[in-house]
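S.K.: Model the structure of this input:
(2 chains)
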Amino acid sequence: MRHSLRVLLGLGLALGAAGCSDYLSGPGVSSTQDPNNPLSLKKAGPLYIGIQQGMPTQFEGQLARFAAEYTQQIAGISRQQIGFDRYQASPPDVDTYWDAVYGSSIFVTGGGGLLDIHKAQQIARSTSDSLYIGILKVYEALVVGYAAALFGDIPYREAADSTIPQPHFDPQLQVYGDLQAQLDSALNIYLPATGGPNFGPNRDVAELVYGGRGTAGLRAVYKEVAASLKARYFLHVGAASVAGRPGAPPAAYDSAFKYAQLGISTPDDDFFAFHDATGVGVNIWIQFYGARFGDIGPGAALVEIMKRMQANGFDDNQRLAYYWFPADGTGAPDDFFGYRPGGATGLTTTGGIYNGSGSALDGAYSDFGNASLGFFQGSGNVRNPLISYAEAQLIAAEAAWRLNGGGADPTVVVVAAQPFLDAARKNRHFGVEDGTPVTFGDAPGPLLASLQNIMEEKYIALFLNPEVWSDYRRTCLPSLAPAPAAGATTPGTSAIPGRLPYGQTEINANPNTPATSSAGVPITSNSINATELAPCPVLNYTTSVPLAN
Amino acid sequence: MIPALRRFLVGVAGAALLPASLAAQQPAVITGRVTNASGTPLANAQVTVQQLGIGAATRGDGSYTVLVPAARIPTGPVTVTARLIGYKLGTTQVSLEGGSATADFALADNPLQLGEVVVTGAGTASEVEKLGTVRDRVDSTLIQRSGEQNLVTALAAKAPNVIVTSSSGEPGVSSYIQVRGLTSIQSSDGQPLFVVDGVPVDNSTTFNNPNQLAVNSQNIFPPNRLLDLNPDDIENVEVLKGASSGAIYGSRAGQGVILITTKKGRPGQTKYSLRSSWSLDEHTQLPELQSTYGLGTHGNPATCFTSNLPSKLHCTVGGGTRASWGPKLADTIPVFNHTEEVLQHGWQTDNALTIAGGNDRTQFFLSGAYNYNRGIVIGDNNHFRRVSVRFNGGHQVTDRLKVGANVAYANSFGGYLSTRNSTAGVLLSGWRTPPEHNNLPYIDTRSGIPLQQSYRRPNPGPGDEKIDRVYDNPFFTANEQVHSSNTGRVFGGVNGEWSPFSWVRFNETFGLDYANDERLDAWPWSNSESGLGVDGVGGVNAGYIRTQQLDHNLTATVTYRAAEQLKGTITLGQNLNSQTIASRQALGVNLIAQQPFNLGNTSAAQVPLYDFQQKIRVESYFGQATADIGDQLYLTAAVRNDGVSSFGATSKRSWFPKGSAAWVFYRPKGEAKGVLTYGKLRTAYGQSGTQPTAYLLAQVFRSSSNFDGGWGPVTSTIINGVGGLISGNNAPTEQLGPERVKEFEAGVDLGLFSDKADLSVTHYRQNSSGVILQVPIANSTGYYTRPANAATLQNRGWEVSLNLRPVTTTTFAWDIGLQWARNRGLTTSLPPGLQYLQFPLSGGGNGAGLKVGGAAQVGQPIGVYLGSDFVRCGRGLVINVNGFDVPIDNTSATGGGCLDANGAFTSGALYLSANGRPVLDTKSTSYVLGDPNPKWTGAVRTNFRIGKLSLGGLLDIRHGGIAYNGTKGALNEFGKNLQTAIDRDNNAVAHFGQDYQVNTIAKDAVAGPGVDPATGFGVATPLDQSWYQSGASVFNGPDVAFLEEGGFVKLREVSVGFTFDQPWVGRTLGFSSIEVRVAGRNLKSWNNYTGVDPETSILGAGSPIRGINYFNQPQARSWLFTLTFNR
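M.R.: Residues are numbered from 1 along each chain as shown, chains lettered A, B, ... in the order given. Model prediction:
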């Protein structure tokens, strides 16, 4: 008896300690009850802010640097960027941005992609908020269309759905078609609709880009953005449309022409990513420039084309001085010099391809503007346009040129295109800096409406905008020679890349990922987009004849 | 009141009120003396009357007194045993009926440790010969002789297949330990569970808030938390290597368990020991830098150095001869050694005082220690200090109840340097500086304002106070930046042991481990730390990381004797464990005034703010039964059932069984003589697991910093006064069950040659299944990962240890210990469709370092390096030649092709373009590059003792395995690697395949248009700037170019000691003995690596990735002088 009592006492101690029935579950303990983060959302506002703030990473980060380097608006001159300038982008280099198209990325990167757009749309649908739905469709088209332009075939119909772990890749033309449908739905159904609890982002104080506009104002301006995007994407598929490629829409240039005129109607409506002067609000171009000082510099091609335009009386010095800081002297056009691609020096040039000419005085080169009136100056609170009035006008100009007998020769002048080129060159804007629009007034001219002039004006006006790379791939304008190989003094033998490789984690985890990249030069003629019918020719400095004004 | 409870309470009250010795009346007394075989008195031997459950310990002169209460004096003789570690059990019989008895013992040496009690975890214990698993024990002498401040570092080369990697020679640096390979991938860092005196303790390595982690995880270096444990307090360490031995810890033992027992007081005269040690530290091997070629320029260097143009861009970077690719420096131009100028001799002091003693019923151990380590880099921010105290006490309340407490407090304060992959790091910036640039004075006052000068901004002027310098002046980093970790930690527990009957024993341990780590990072104005928003404008990151662990462990052990030849124990136990982490950190940006480094002196906070809490709870029940059959076959079976809160709702509980058998097939009847003196075969099987981190299954929204590619730019979802959210990384999933390691182990232990040698051979086979992964999923799903039990891994290995004691006389002794081990890890399966799985924090992506680093890939060793390569034949690649895509595997050779000089196609050959150079392959960045795991490891230890003089040495061998030298690749780009200057001096050319290899591991066959048909090797190509800035540059070349052999043989320890314990020492100095020891640590490393010591880690103990080097700090070589005073 005494024995068993003692044993019972021992057992009692053991059982007493195990008393709590919810020891392994409950808030803060259970594996599903993370106390550190919201588990559900009732309003779309926070997601909408996250979506808007995902834009800078995509449109101003490394993807935009690739685009600007490939089109030689800028040059990679040190560390990793010099390799990127020589087209050495590999899958891990784009991983962050590929991931951000759809959703999350490792640690704290990315977000605000298609998954969040869909979740925000679901919340908006639950409250029948047509304005929100319409705006979110515009964002969906913006983000996914950007990805389709850069990567080609991408997952879309099966994407952002956790029940489909390995989404199929949709043909690029199909993706563009689907996005046109999304934009049509925004333009025709959701953005015009009124009545009901259609507060849109205003109720959540969530509109950053067009903050301060009322509900009606937001409906109007997002309709313009939607139309501009439609025009942009019709232009992307224009060549495929003319060639009758399966999946390409008929008469794409007509549609581009039509929607461009419904697009952004004034520079005041330009669409940009939101920035302010706080530590986490500064424009990413400017942050990169500061944090990786010396990795990128002005591109010789852009500098030289701008100088030529001035020399021929079609431009003034304002944009040149805003984009760049002079290498020396007073800031006259001759004081600006850009870097050749790949940091190359001593290039043998007789042909005058723009990235091969330009002799820097005293070996000095220009910098990005960091004087009192430069893009990269001061507070960093620069909101550079991602889709703009100027782009809409220049889309219309190109479409008009093609629809009115432009033909194969880019120097042919088409009168029907002239009003749109002139409109783009009037009242020139470049986003907003410290709350004030950056304006350059009217360009001197007139500049005749040849395709070359239209595209070169676009090349200048869309400074740092990745759309110039899409333009180059379609038109091979402006005339660019590839970057020389390391240590070489003649242009490389490979074409300027036609697209980017897919992200490394997608390749790793999705067996449906198409094999695209080649070796040595990642993206070449056999891996261009379906919308681009032929790769741009490989130019060299000695025999290629540049186009002239 | 029931008698038992009354007895218990009376006992407790008695203990509180009375000296314990008065608790019994008219006792019988057993006295005697315990000596060794040659008559030397032995202190601390435990003398026990087993059948009464009472005993005492011997005093310094070997004498003891055991009191037997009158009521318990039995009739007839009783058996008295004397036991001391290192000696065989002594047994004699006495009769107590006369009221007193004498029992003297002369204990024989016990080199095989037979009969010694071994703690086996969770309140269980066994004896050496009954263990069914290999035993690896490290005693206090070995730990103390290593002189390491970090216990984990002290375990290097102490047991087979226990591999320790010290991250560098920095003070307070973390050390990584891995036992029998990696059995888990992402849910833990692959390190064993540490248990101190029965209580699990934290050994995590925690980086500052994840905003920093993601951006620049490698720059600031937290310690592994076991650094808070004073190595001087440790009595011994038992390593439970695998699932078969660690299964009693269930779901926490997947990577093994390290059981640490701290020192206890002994009855007898109070002993004092003061150990004082001083060391001188210096750096070991470093890369060789050139000092003959100067700053390159794209402009006019004179202008760069004299003017204060707003833009200095053209001074230092851009095309042409950028970095240190400038002209050869004239002899008249002074040059500076940018390595030595920031390095100095470091030093360390370690003073430890211990007081231990007690009487037969109450013992105590008290220690206090102060450790201070000044690092080998100049400046005031490179040091570590630990103040620690410990009290271990035990009291025999009644004959049946024993209580005790072990409590330690430590304050660890580390001042850390920004190093490794940080643009504000000491070596990264210093080694990139051109040789002729004088980094001093690092503060330039020419403009009237004190401003940081660096080679990237040599002429700072007005307006430059808050401008990022791109790379900081290394003196500026060393003197002006602050990164500190200040931890207060209390850990320990109380325990009680109650034996209501001689056949049952209850044991309760209640433990606590609480630490609060205050972190401070401060970047002054003009700093160059990228990615946090503090570059230029300065900033402060301040906050705390608080961890707490509570552990209750209750066991009941019944001893049974079913028959004369069948006896054993049955243990039932319960364990409740709760671990919490709370951390809050704020990053203030833009210092208003230059000082102080305080959040209040910043004008903005980086958002989102960091506020993190985590709770993991475990509720477990376990049972173990042992059977000793005929004193030669020992069986053990155990099972544990764990409930863990971090698993999915449907799989919270799981079972972990184990079983083992040990057969002592030979044991000498009398004295151990002959070739075979002892033989045991053993085999064991067990399962253990790994717990997932908390909240893996939560579907969350989170605020975020979106940053750009790891190079700095940051935006936030919180902006303009409003807050945004984005979806979390994890795809929805509901199931998450235990990860399981199943291990089979078998071995033999032999005593040989009259116990002058012993040999232990062990083979093990481990299979990990259901390995918990955050499986990378296609990002087009919108998610990054999905938690799942997804992979299977296996580890197979052998362990051999051979100890030789050729001479063991009282005046001269020589022993040799040899260890050899190998582990072969293999990834056997991954989720369908997944090509490989990257280890966490492996440095992949855009930053410096391997594209992938350590990874799991089916059919490859666990931790294999994957990365980028040059174009090789046979991979189906297409290369663009003159605007046309040419499949180079096309043997037609049109436009190139992969043909060698004989027109033959060789798969795997290095493709050379027409200029004789290989071409970067950008198609894939996940080629298998090699295995960083050593092929085998070994250690050789020896010790001589000649009278009072002892000499010892320890050699640590890691054979094979590769390491990644990213530092070299960066120094190539910057023209600072010595080889670049040699090649420039010689106008060197390379012929690939003949006299130049893309890496130092393998020689390549070559093919393609760049092959010279006459020689079969590549045509001559200059080893000039363009090569070093492309193919041989870490920024633009393939990872394969920076692989080197990572194996080494290291002289870990050499020591000479002399003990003064002659009578005059006591007479004149008042000490019983004084020991003087001079030791060298890490004196020499033999390796073929061209960077810092290949024992290095860019991520420290926070990640299982080894051997990746990107401006890692060097290891330290130390000379130690130690004085120990005993009284």
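S.K.: okay, CA-based contacts and neighbour counts for the rest of this
M.R.: Noted.
S.K.: in the sheet, who's paired with B:Arg561?
M.R.: B:Lys567 (DSSP bridges).
S.K.: for B:Asn373, same thing?
M.R.: Residues in beta-bridge contact with B:Asn373 (DSSP bridges): B:Gln348, B:Phe384.
S.K.: okay, it: pLDDT?
M.R.: On the pLDDT scale, B:Asn373 is placed at 96.
S.K.: Check the gap between the nearest residue to B:Asp444 once chain neighbours are set aside and chain A for me.
M.R.: Distance criterion C-alpha to C-alpha, 6 or more residues apart in numbering or on different chains; nearest residue to B:Asp444, sequence neighbours excluded, is B:Leu451 at 5.2 Å. Distance, B:Leu451 to chain A, using C-alpha to the nearest C-alpha, to the nearest Å: 18 Å.
S.K.: B:Leu451: what's it in contact with?
M.R.: B:443-445, B:460-461, B:464-465 (C-alpha atoms under 8 Å, 6 or more residues apart in numbering or on different chains).
S.K.: Got a quick ChimeraX command for the buried subset of those residues?
M.R.: Buried residues among the contacts of B:Leu451 (16 or more other C-alpha atoms under 10 Å in any protein chain shown), as a ChimeraX selection:
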select /B:443,444,460,461,464,465
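S.K.: Any regions of chain B where pLDDT drops low?
M.R.: Within chain B, the segments meeting pLDDT under 70 span B:1-25, B:186-188, B:209-220, B:297-321, B:709-710, B:840-852, B:880-885, B:890-896.
S.K.: re the thing from before, for the contacts of B:Leu451, please prepare TSV with the additional fields secondary structure.
M.R.: Putting those into TSV (DSSP: H, G, I helix; E, B strand; the rest coil) gives the following:
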residue	secondary structure
B:Ile443	strand
B:Asp444	strand
B:Thr445	coil
B:Pro460	coil
B:Gly461	coil
B:Asp464	coil
B:Glu465	coil
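S.K.: Would you mind checking which of the contacts of B:Leu451 is nearest to chain A?
M.R.: B:Asp464 (12.8 Å; C-alpha to the nearest C-alpha).
S.K.: Surely that closest one touches B:Ser526?
M.R.: Yes: the pair B:Asp464 / B:Ser526 is scored as a contact, 7.4 Å apart, by C-alpha atoms under 8 Å.
S.K.: phi, psi of B:Gly930?
M.R.: When read as degrees, to the nearest 10, the backbone of B:Gly930 gives phi 160, psi 180.
S.K.: Skipping adjacent residues, who's closest to B:Thr91 in space?
M.R.: B:Thr81 (4.4 Å).
S.K.: Can you name the residues of the stretch 951-1100 of chain B that neighbour chain A?
M.R.: Neighbours of chain A within the stretch 951-1100 of chain B, by C-alpha under 8 Å from any C-alpha of the partner chain: B:973, B:1025-1027, B:1029-1030, B:1035-1036.
S.K.: Mind giving me the PyMOL select for those residues, buried ones only?
M.R.: The buried subset of these, as determined by 16+ other C-alpha under 10 Å, is captured in PyMOL by this line:
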select buried, chain B and resi 973+1025+1026+1027+1029+1030+1035+1036
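S.K.: mind putting the residues of the stretch 951-1100 of chain B next to chain A in CSV, secondary structure included?
M.R.: Shown next, in CSV, are those (three-state DSSP):
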residue, secondary structure
B:Glu973, helix
B:Gln1025, helix
B:Ser1026, helix
B:Trp1027, helix
B:Gln1029, coil
B:Ser1030, coil
B:Phe1035, coil
B:Asn1036, coil
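S.K.: tell me the pLDDT at the residue of the stretch 201-350 of chain A found nearest chain B?
M.R.: Proximity to chain B, evaluated over the stretch 201-350 of chain A using C-alpha to the nearest C-alpha, is greatest for A:Gly343 at 4.0 Å. Listed pLDDT for A:Gly343 reads 71.
S.K.: Quick check: it touching A:Ile82?
M.R.: Yes: here A:Gly343 reaches A:Ile82: they are 6.6 Å apart, a contact under C-alpha under 8 Å.
S.K.: helix, strand or coil for B:Lys923?
M.R.: coil.
S.K.: Point out the residues in the stretch 201-350 of chain A that sit beside chain B.
M.R.: Checking the stretch 201-350 of chain A against chain B by C-alpha under 8 Å from any C-alpha, the hits are A:205-206, A:208, A:276, A:278-282, A:284, A:287-288, A:290-295, A:297, A:339, A:342-345.
S.K.: Give me the subset of the residues you listed lying in strands.
M.R.: With strands taken from DSSP state E, the overlap with those comprises A:Gly297.
S.K.: Quick check on the residues of the stretch 201-350 of chain A next to chain B: which are buried?
M.R.: Buried among these (16+ other C-alpha under 10 Å): A:205-206, A:208, A:276, A:278-282, A:284, A:287-288, A:290-295, A:297, A:339, A:342-345.
S.K.: for the stretch 51-200 of chain A, what spans make up the helices?
M.R.: A:62-70, A:79-85, A:91-102, A:114-126, A:130-151, A:172-185 (DSSP state H, counting those that start in this stretch).
S.K.: To B:Thr102, which of those lies closest?
M.R.: With C-alpha to C-alpha, the closest approach to B:Thr102 among the helices of the stretch 51-200 of chain A belongs to helix A:91-102: 79.0 Å.
S.K.: got the angle for that closest one vs helix A:114-126?
M.R.: Relative orientation of helix A:91-102 versus helix A:114-126 (axes from the mean of the first three to the mean of the last three C-alpha atoms, to 10 degrees): 0 degrees.
S.K.: now for the residues of the stretch 951-1100 of chain B next to chain A, which pair is the farthest apart?
M.R.: B:Gln1025 and B:Phe1035 (13.8 Å).
S.K.: show me where pLDDT drops low in the stretch 251-400 of chain A?
M.R.: Checking the stretch 251-400 of chain A against pLDDT under 70 turns up A:329, A:345-352, A:356-364, A:368-379.
S.K.: how much space between the most centrally placed residue in chain A and A:Asn384?
M.R.: With distances taken as C-alpha atoms, centre = their mean, the residue of chain A nearest its centroid is A:Phe59 (3.7 Å). Separation of A:Phe59 from A:Asn384 (C-alpha to C-alpha, to the nearest Å): 10 Å.
S.K.: if I've got this straight, B:Ser412 is in a strand?
M.R.: Yes: using three-state DSSP, the assignment for B:Ser412 is a strand.
S.K.: Beta-bridge partners for it, please?
M.R.: Beta-bridge partners for B:Ser412, by DSSP bridges, are B:Arg386, B:Thr487.
S.K.: Next: A:His429.
M.R.: Bridge pairing for A:His429 - DSSP bridges - gives A:Thr439.
S.K.: Run a quick neighbour tally on it.
M.R.: Here the count is done by other C-alpha atoms under 10 Å in any protein chain shown, and A:His429 has 25 residues near it.
S.K.: got it, and A:Thr543?
M.R.: Other residues close to A:Thr543 by other C-alpha under 10 Å number 12.
S.K.: what are the phi and psi values for the spatially closest residue to B:Ala125 that is not a sequence neighbour?
M.R.: Once flanking residues are discounted, B:Ala125 sits nearest to B:Val119: 4.3 Å by C-alpha to C-alpha, 6+ apart. Per-residue torsions, B:Val119: phi -80, psi 140 (degrees, to the nearest 10).
S.K.: what residues are up against B:Val119?
M.R.: By C-alpha under 8 Å, 6+ apart, the neighbours of B:Val119 are B:125-126, B:238, B:259.
S.K.: Equivalent analysis for B:Phe384, please.
M.R.: B:Phe384 touches B:171-172, B:371-375, B:412-415, counting by C-alpha under 8 Å, 6+ apart.
S.K.: before we move on, what about B:Gly538?
M.R.: Contacts of B:Gly538 by C-alpha under 8 Å, 6+ apart are B:466, B:522-527, B:589-591.
S.K.: tally of neighbours for B:Glu671?
M.R.: Neighbour number of B:Glu671 under other C-alpha under 10 Å is 11.
S.K.: In three-state terms, label it for me.
M.R.: coil.
S.K.: Show the end-to-end separation of stretch A:484-498, please.
M.R.: First-to-last residue span, stretch A:484-498, C-alpha to C-alpha: 17 Å.
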